[in-house]
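>>> Provided below are the primary sequence and the corresponding predicted coordinates.
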Amino acid sequence: DAKTTQPPSMDCAEGRAANLPCNHSTISGNEYVYWYRQIHSQGPQYIIHGLKNNETNEMASLIITEDRKSSTLILPHATLRDTAVYYCIVRAHTGGFKTIFGAGTRLFVKA
Amino acid sequence: GAVVSQHPSWVICKSGTSVKIECRSLDFQATTMFWYRQFPKQSLMLMATSNEGSKATYEQGVEKDKFLINHASLTLSTLTVTSAHPEDSSFYICSASLVSSDTQYFGPGTRLTVL
């Protein structure tokens, strides 16, 4: 079973920041938080991951709470192309560990 | 970098035939590849974990004799759906992990339609 809880859907206005929450209250000390997104009829796209520190890359920022029980993915300036299903996943960082997908959050970016 | 390809991108076949789907890591070596299946409006379901040079590990409920997985090299894994039936129609997606990192990168998927 997936170890994360996400809202089923969210709306965001184009150009505004999209903040996608994720609860992972049972996360273990050696598990990372990963975010992927899936645009319709395509394979999932890696976005970002982190262990306990906040992370930022060219696509997004990841904010992890101090107790690591929740996190937020931030798309700073959402565009229509960011409309997708966003998956928050926790998994250990040792070889071959499985990535189990939950239901994800369907983000609609509106003009 | 970290590009994963799949071939074919879509396939239509008759019931009872077998279909082979290829998954390649184009610019990195992958000791581990994963195969997923996704039905319409559902999330990805892990089918099996494939390690180079060894037998695949199948998830509970996935028939290993129906879904044959071969991972003969560090850049290629194949999934063969044997004696396909209409209920096998789905979106099949593979992913691969870099040797030195465990971030998984996903292929674009293969849409299988069995008539």
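Here it is on my side, so go on.

>>> so, low pLDDT: which residues of the chain?
I'll assume chain A. A:1-2, A:94-96 (pLDDT under 70).

>>> please go with chain B instead
B:1, B:99-101.

>>> so where do the helices sit in chain B?
Per DSSP state H, chain B carries no helices over any range.

>>> flag every residue of it that's near chain A.
B:2, B:4, B:6, B:31-32, B:34, B:36, B:43-46, B:49, B:51, B:91, B:93, B:95, B:97, B:102-109, B:111 (C-beta under 8 Å from any C-beta of the partner chain). (C-beta placed from N, C-alpha, C; glycine too.)

>>> quick one, what contacts whichever residue of chain B sits closest to chain A?
Here the residue of chain B nearest chain A is residue B:106; by C-beta to the nearest C-beta that distance is 3.9 Å. Shown in contact with residue B:106 (C-beta atoms under 8 Å, 6 or more residues apart in numbering or on different chains): A:36, A:43, A:44, A:45, A:46, B:4, B:93, B:94, B:95.

>>> so which strand or helix has the first one?
Yep, that's residue A:36 we're talking about. Here residue A:36 sits within strand A:31-38, counting by DSSP states H and E.

>>> may I ask which of the contacts of residue B:106 has the most neighbours?
Neighbour counts for these, by other C-beta atoms under 10 Å in any protein chain shown, peak at residue B:94, which reaches 31 neighbours.

>>> I figured that residue was touching residue B:36, is that so?
Yes: counting by C-beta atoms under 8 Å, residue B:36 is a contact partner of residue B:94 at 7.3 Å.

>>> sorry, back to before: out of the residues of chain B next to chain A, which are buried?
B:2, B:4, B:6, B:31-32, B:34, B:36, B:43-46, B:49, B:51, B:91, B:93, B:95, B:97, B:102-109 (16 or more other C-beta atoms under 10 Å in any protein chain shown).

>>> inside strands: which ones of those residues?
B:4, B:6, B:31-32, B:34, B:36, B:45-46, B:49, B:51, B:91, B:93, B:95, B:97, B:104-106 (DSSP state E).

>>> can you name the residues of chain A that neighbour chain B?
Counting by C-beta under 8 Å from any C-beta, chain A sits next to chain B at A:34, A:36, A:38, A:41-46, A:49, A:87, A:91, A:93-104.

>>> out of those, list just those in strands.
Going by DSSP E, the strands hold A:34, A:36, A:38, A:45, A:46, A:49, A:87, A:91 from these.

>>> pick the one among these closest to residue A:27.
Closest approach to residue A:27 among these (C-beta to C-beta): residue A:91, at 9.9 Å.

>>> wait, doesn't the closest one sit right on residue A:32?
Yes: using C-beta under 8 Å, residue A:91 is in contact with residue A:32, at 6.3 Å.

>>> what about these two, which has more around it?
Counted by other C-beta under 10 Å, residue A:91 and residue A:32 do not tie: residue A:91 has more neighbours, with 21 against 18.

>>> closest to the centroid, which residue in chain B?
Nearest residue to the geometric centre of chain B (C-alpha atoms, centre = their mean): residue B:35, 3.8 Å.

>>> doesn't residue B:70 make contact with that residue?
No: the criterion here is C-beta under 8 Å, and residue B:35 misses it with residue B:70 at 11.2 Å.

>>> identify the contacts common to the two.
Common neighbours of residue B:35 and residue B:70 (C-beta under 8 Å, 6+ apart) are B:50, B:77.

>>> so can I have CSV of the ones in strands among the residues of chain A next to chain B showing distance to residue B:20?
Formatted as CSV, those follow (distance: C-beta to C-beta, whole Å):
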residue, distance to residue B:20
A:34, 30
A:36, 26
A:38, 24
A:45, 25
A:46, 26
A:49, 32
A:87, 28
A:91, 29
